[in-house]
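Colleague: Everything below, folded, please.
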Amino acid sequence: MRKKILLAEDNHAVLAGTTQLLRSYGHEVSEAVNGYVACQILSSGLQDFDFVMSDYRMPQMNGLELLILLMENSRSGAPRFILVSSDLPPHVRTEAISLGAHVLSKPYSEEKLLEILHPPVAGQSTR
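Modeller: Reported below is the predicted structural model:
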């Protein structure tokens, strides 16, 4: 099933590679070069997203700050959130999970990302 994903990542190579991967699976991806730009896109209300996938360490607004703002300003259920980082502090991981986010450690496997985007149906084999 096709998902609309907002991808916030300040590393241009990672942004391009992740966008290409997600699009290769048929997903629609909008890009933001940091959390602040992602917040502007989300607050414009012009697009609805199924997922926000955000790096943790970014200039202007980090991924956790974006998640918190999204939760505070959501009127009708926030999109599901995936927080990614190569060095996520334990307290940030705990807070993100407590807010309902999925957490991925870089480098993450393509399979793990797809499992989050397309969780198996109850009773269905994951193989």
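Colleague: could you give the mean pLDDT of stretch 53-63?
Modeller: Mean per-residue pLDDT for stretch 53-63: 95.
Colleague: now swap in stretch 12-29 and tell me
Modeller: The model assigns stretch 12-29 a mean pLDDT of 96.
Colleague: Look up how far Lys4 lies from the closest residue to Asn73 other than its chain neighbours.
Modeller: Counting by Cβ to Cβ, 6 or more residues apart in numbering, Ser43 is the residue found nearest to Asn73 once chain neighbours are left out, at 7.0 Å. (Glycine included, C-beta is placed from N, CA and C.) Distance from Ser43 to Lys4, counting by Cβ to Cβ, to the nearest Å: 16 Å.
Colleague: Next: Ala38.
Modeller: 13 Å.
Colleague: Who has more neighbours out of these two?
Modeller: The neighbour count for Ala38 versus Lys4, taken as other Cβ atoms under 10 Å, is higher for Ala38 (27 against 14).
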